[in-house]
Each structure stands twice: as C-alpha cells, then as structure tokens.
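**Q** I would like to see how this sequence folds:
(one chain, ligands or ions: 1)
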Amino acid sequence: MARHHVVVIGSGFGGLFTAKALKRADVDVTLISRTTHHLFQPLLYQVATGILSQGEIAPPTREVLARQKNVRVILGTVDAIDVNAQTVTSHVGGRMTTTKYDSLVVAAGAGQSYFGNDRFAEFAPGMKTIDDALELRGRIFGAFELAELAETEEEVTRHLTFVVVGAGPTGVEMAGQIAELAQRVLRHDFRAINTREARVLLVDAAPQVLPPFGSKLGEVAKKSLEKHGVEVVLGAMVTELDERGVTLAFKDGTTQRVESACKVWAAGVQANPLTQTLSAQTGAPLDRAGRISVNPDLTLPGYPEIFVIGDMMALDNLPGVAQVAIQGAKYSAKTIVRRVEGKDPLKPFKYFDKGSMATISRFSAVVLVGKLRVSGFLAWLMWLVLHLVYLTGFKNRMTALGHWAVSFLGRGRAERTVTEQQVYARRAIQRIQGGTKALASSPEEWNRVRLALEQQAAEQARLTDEQQRGVPTNT
Ligand SMILES: Cc1cc2nc3c(=O)[nH]c(=O)nc-3n(C[C@H](O)[C@H](O)[C@H](O)COP(=O)(O)OP(=O)(O)OC[C@H]3O[C@@H](n4cnc5c(N)ncnc54)[C@H](O)[C@@H]3O)c2cc1C
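**A** Numbers count the residues shown, from 1 in each chain. Below is the predicted model of the structure:
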C-alpha cells in the first residue's frame with residue numbers, strides 16, 4: 001500500500017521546517033517550491049548592503065534535505081490547488097506537474113504590497129527575494145558611484161539621498177546599514193564626494209517606528225537611528241515615487257518633494273495569492289493583508305487535510321515572523337504523524353513568543369522578549385548569537401561569522417560586487433512581460449491608505465503593549 005503522501009508548498013521557514021519535522025515519520029513528502037533555495041529573509045538587508053553573500057543566507061533546499069530519504073524536492077511555481085481532487089499543479093519552464101496529496105501544507109509566504117501603487121515597484125524594489133537584495137545592492141553602491149561622477153550640486157545631492165519607505169524591522173535595518181555605509185564604510189573610497197554628507201530618510205505614514213515592538217522600544221529605536229545619522233520622517237505618506245524621487249504628503253495637507261535616486265520599499269506585506277484560490281474553494285475568509293483564516297489546528301474549515309501556516313495564515317493576531325512559521329510547521333507535521341498513527345489530535349496550536357529583535361547599526365539593536373525590553377550593545381549581542389544559531393548549515397554559520405568580523409570589527413564589506421544586470425534585469429523582464437502596472441491613485445485613495453496604516457500601526461503597538469499576541473480570539 002502506498003504511504004501517506006504529504007505535499008508541502010514553499011521552502012521558506014514554514015515549508016522547510018515541515019519537511020524536516022517529518023524526518024522520522026512513516027510518510028512520503030514532496031516539497032514544491034519556486035526557488036531552489038531556502039531563504040533566511042531576516043538577513044536579506046545584509047546581502048543588500050554588502051555584508052553577506054547570497055549563498056550564506058540561501059542554501060540549496062535539495063542539499064539541506066539530501067540525507068532525508070522520505071523527501072523529494074521539486075522546483076515549480078504552484079498555480080493551482082484543487083481541494084476536492086486533492087491535487088497541486090505547478091509549472092517551471094513550460095513544464096506542468098500535477099501532484100496528488102493526502103495531506104497538504106501550504107507555506108508560500110507573502111510578497112510586497114505597494115498599497116495599490118504597483119507602479120512604484122519600478123523604481124523602489126522591495127525586500128523579499130535574493131533578486132531584490134542584489135538589485136538593491138547594485139542601486140545603493142551604484143548611487144555613490146554616480147554621485148562621484150555628477151557635475152552639479154543637485155545631482156550629487158540626489159544620488160546621495162536614500163529614501164527607505166516603511167519603518168518596520170526591515171526598513172529600520174536597511175536605513176541603519178545605508179547610514180553606516182555612508183558614515184563609516186565608504187568614507188575613504190571616493191575622491192569627488194564626501195559620503196558622510198549622504199542623507200538617509202526613513203519614511204512611514206505611521207506615527208512611530210517599529211510598531212510591533214510597542215511604543216517604548218519604538219522611541220528608543222528612533223533616537224538610536226537619529227544618532228546614527230538617519231532622518232526619521234513619520235506621518236508621511238508616499239504619494240508619488242518615480243525615477244528622480246518621492247513626494248511625501250503630511251496630515252496637515254502639506255507635501256514635500258525629496259529628490260532621491262535610490263529608494264527602498266519596505267512598507268507593506270500581502271499574503272501569497274494562493275490564499276485566494278483556497279478561500280474561493282473552502283469559504284475561509286481573508287483578512288486585509290490577504291491572509292486566510294485557519295482553524296485553531298491550522299487547517300482550513302471543512303478540509304482537515306489542508307494546513308496553511310506562516311505568513312499566509314490569519315490566527316489570533318499572530319505576526320508574520322519566522323517563529324510563527326517554524327512552530328506552525330512543527331505543529332502541522334506532528335498532527336499529520338498522529339493521524340497516520342491513529343492517535344488522538346493535539347491540543348489547539350499555541351504560539352510561544354520567543355521575542356523579536358531588530359538591529360539599528362553595528363553594536364546597536366532592540367530586543368523584545370515578553371515584558372523584557374533590551375536595547376543597545378547587549379541587544380546586539382543577543383541578535384548576533386540568535387542569528388548564528390538559526391542560520392541554516394554549519395558552513396554558512398562559519399562564513400557569516402567571518403563576514404561579520406570584517407564588517408563589524410573592521411570597516412569593510414566583504415560582498416561589494418555589483419553588476420549592471422542586477423540593477424536592470426527585473427525591469428527589463430517586466431517590460432518583456434507587458435510593462436509594470438500603471439495604477440492611477442487619488443488623494444482620497446492616499447487618505448484611505450494613510451488611515452489604514454495608522455490604525456494598523458496603533459493596533460500592532462497595542463497588541464504588543466497589552467501582551468495580546470497569540471491570545472485566542474475565536475469564541
Ligand atoms: C526582509 C525581511 C526581514 C525579516 N526579518 C525578520 C526577523 O528579523 N525576524 C523574524 O522572525 N521574521 C522576519 N521576517 C519575516 C519572516 O521571514 C517570515 O515571517 C517567514 O519567512 C515566513 O515563513 P513562510 O514559510 O510563511 O514564508 P517564506 O519564508 O517567505 O517562504 C515562502 C516560500 O514559498 C515559496 N513560494 C512562494 N510562492 C510560491 C508558489 N506559488 N509556488 C511554490 N512556491 C512558492 C517561496 O519561494 C518560499 O520558498 C522578515 C521578512 C523579510 C522579508
């Protein structure tokens with residue numbers, strides 16, 4: 001008789017940890033992912049700013065799972081899930097593959113959201129993939145190169161003005177690192193420009209930095225960023241973004257144009273569109289970020305064989321962080337094993353919050369663990385140890401440690417290689433595929449988005465301040 005077949009979609013934290021947790025189970029596993037690697041997203045900003053190489057944060061999934069004989073890894077983008085036929089259809093390079101499942105674990109993550117302004121993507125890449133990080137690396141180091149060649153003051157200023165949109169952990173880390181490049185790393189490398197005159201703006205429509213860390217740590221982070229040379233601009237909506245800069249609109253109706261060649265979009269998150277097909281077939285509702293509501297055992301209503309985990313699931317206000325995906329993966333795997341073994345079901349999924357952290361610059365970070373708030377050097381040390389532990393693979397840990405020594409103890413950046421293709425390929429591909437979406441947006445639309453962002457930030461801070469995360473909301 002054929003063994004129980006588990007299909008896992010995605011090789012991120014949710015997908016990889018599901019497959020690993022089924023190592024000793026009497027099941028066959030097929031892991032389907034659109035990338036050949038497992039991506040450690042929390043360190044993408046270090047690839048973008050030349051600290052780490054892409055290989056260090058993105059080991060091949062096939063290699064990670066090579067010794068686990070009950071897993072088959074296949075490359076493909078899943079476009080269709082048929083919940084009644086229990087099949088998943090994926091494609092790669094014109095080849096279509098349909099895979100049948102007994103249990104399905106969907107962990108396809110989330111993408112960037114430009115809040116309806118998809119045209120911004122052309123000039124402000126997000127930070128979700130290796131391609132994004134390499135493009136940003138090219139744009140950031142390229143901006144200094146172009147400033148060196150610029151013939152007017154205005155041109156120099158435009159190339160030396162960096163705008164990071166979104167003051168969540170990714171935006172904070174990016175802004176901190178770009179400031180460090182300008183202030184410390186690159187300061188002896190140019191002749192015509194003074195890199196220390198660079199401006200780094202961290203812009204957000206919300207009234208605080210790092211809402212998920214609560215109001216107190218948000219304030220600490222803001223002050224620390226400012227000390228490191230970042231201009232924090234809060235309550236500012238980006239209403240226009242083009243090749244030459246951004247337009248910011250403030251609540252009092254005023255607007256400000258900032259000329260900037262290099263923009264980074266670290267603002268919004270939208271769950272993978274596979275939630276839409278699952279919602280249409282199962283009736284499970286989607287939230288504002290496109291995440292699908294799951295039962296307390298992480299399955300879809302009426303479909304106990306389908307688990308949705310990580311950034312795609314909506315449950316009890318849990319945040320889109322790696323630990324939610326990892327713990328969801330282990331829980332789903334355990335549930336599947338118990339079913340196969342004919343054992344009683346587990347108690348509902350309960351998230352154990354191990355804390356959150358964000359680095360601001362070298363030797364400076366903020367950490368939130370339960371009611372404990374730590375900032376500064378101690379927080380940075382905690383960040384260092386934890387990221388070493390969680391990086392996948394011994395080889396990667398060793399080389400990352402070496403690169404961190406180069407960057408943090410010294411003044412260097414081990415990975416400064418950039419190519420023209422990194423910067424232009426994405427836009428070229430988009431044009432071949434029919435151009436970027438040119439959605440028109442209006443002031444009414446900006447105000448609607450602003451209100452939603454303010455409410456979202458206030459809610460994030462409240463959930464943290466009142467310790468409400470992971471507390472069951474289902475009655
Ligand atoms: C820049 C950045 C920094 C972050 N920093 C932190 C941090 O410091 N701490 C923290 O806890 N969390 C952080 N996060 C969030 C954390 O990375 C996510 O919560 C976590 O990765 C979610 O895991 P997941 O498995 O749901 O999705 P992901 O890890 O995103 O994995 C999704 C997988 O699905 C694959 N996939 C997508 N679509 C398809 C498809 N159609 N078919 C097949 N495969 C598909 C992708 O290739 C990928 O392998 C950060 C995220 C980003 C983007």
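**Q** how's this protein carved up into domains?
**A** As given by automatic domain parsing, the domain ranges for the chain are 4-34+76-112+270-340, 118-267+355-424.
**Q** quick one: end-to-end distance for stretch 350-359.
**A** For stretch 350-359, the first-to-last residue distance is 28 Å (Cα to Cα, to the nearest Å).
**Q** typo on my end, it should be stretch 306-313
**A** 12 Å.
**Q** contacting residues around it?
**A** Contacts with stretch 306-313, where a contact means Cβ atoms under 8 Å, 6 or more residues apart in numbering, come from 10, 12-14, 18, 83, 103-110, 269, 271-272, 274-275, 278, 282, 291-294, 298-300, 320, 324-325, 328-329, 331-332, 335-336. Just so you know, the C-beta spots here come from the backbone N, C-alpha and C atoms, and that holds for glycine as well.
**Q** wait, doesn't Gln460 sit right on Gln208?
**A** No. Look at Gln460 against Gln208 with Cβ atoms under 8 Å: they stay out of range, at 9.3 Å.
**Q** that older thread, just the contacts of stretch 306-313: which are in strands?
**A** Counting by DSSP state E, those place 103-106, 110, 269, 271, 292-293, 299-300 in strands.
**Q** which among those gets closest to the ligand?
**A** Lowest distance from the ligand to the ones in strands among the contacts of stretch 306-313 (Cβ to the nearest ligand atom) belongs to Ala110, with 6.3 Å.
**Q** and that closest one, what are its bridge partners?
**A** Applying DSSP bridges to Ala110 gives these bridge partners: Ala271.
**Q** what sits against it?
**A** Contacts of Ala110 (Cβ under 8 Å, 6+ apart): 128, 269-272, 289-291, 311-312, 320.
**Q** which one of those residues is nearest Met96?
**A** Asn272 (19.4 Å; Cβ to Cβ).
**Q** show the contacting residues for the closest one.
**A** Counted by Cβ under 8 Å, 6+ apart, Asn272 has contacts 108-111, 290, 311-312.
**Q** now the helices for the chain?
**A** Counting by DSSP state H, the chain has these helices, from start to end: 13-21, 44-48, 54-57, 61-64, 130-149, 153-159, 169-180, 214-227, 274-282, 322-340, 377-390, 394-404, 420-432, 443-465.
**Q** okay, now the closest residue to Gly393 other than its chain neighbours: neighbour count?
**A** Spatial nearest neighbour of Gly393, excluding adjacent residues (Cβ to Cβ, 6 or more residues apart in numbering): Pro59 at 5.1 Å. Using other Cβ atoms under 10 Å, Pro59 is surrounded by 20 other residues.
**Q** out of the domains of the chain, which comes closest to the ligand?
**A** Nearest to the ligand among the domains of the chain is domain 4-34+76-112+270-340 (1.9 Å), distances taken as Cβ to the nearest ligand atom.
**Q** around the ligand, which positions in the chain sit nearby?
**A** 9-15, 32-35, 41-42, 44, 77-78, 107-109, 127-128, 169-170, 272, 274, 310-311, 320-323, 325 (Cβ under 6 Å from any ligand atom).
**Q** select only the buried ones of those residues in ChimeraX?
**A** Selection of buried members from those for ChimeraX, criterion 16 or more other Cβ atoms under 10 Å:
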select :9,10,11,12,13,14,15,32,33,34,35,41,42,44,78,107,108,109,127,128,169,170,272,274,310,311,320,321,322,323,325
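**Q** and of the helices of the chain, who's closest to Leu201?
**A** Nearest of the helices of the chain (Cβ to Cβ): helix 169-180, 7.8 Å.
**Q** average pLDDT for the closest one?
**A** Helix 169-180 shows a mean pLDDT of 97.
**Q** report all helices and strands that that helix contacts.
**A** If you count contacts as 3 or more Cβ pairs under 8 Å, 6 or more residues apart in numbering; DSSP states H and E, helix 169-180 packs onto helix 44-48, strand 161-165, strand 199-204, helix 214-227, strand 230-234, strand 356-361.
**Q** partners of the third one, with directions?
**A** For strand 199-204, the paired strands and their directions (DSSP bridges) are strand 161-165 (parallel), strand 230-234 (parallel).
**Q** what's the angle from it to helix 214-227?
**A** If you take axes from the mean of the first three to the mean of the last three Cα atoms, to 10 degrees, strand 199-204 sits at 170 degrees to helix 214-227.
**Q** which residues touch strand 199-204?
**A** By Cβ under 8 Å, 6+ apart, the list of residues contacting strand 199-204 reads 157, 160-167, 171-172, 175, 178-179, 182, 209, 225, 229-236, 238, 246, 248, 258, 260, 267, 453, 457.
**Q** right, I'll leave it there.
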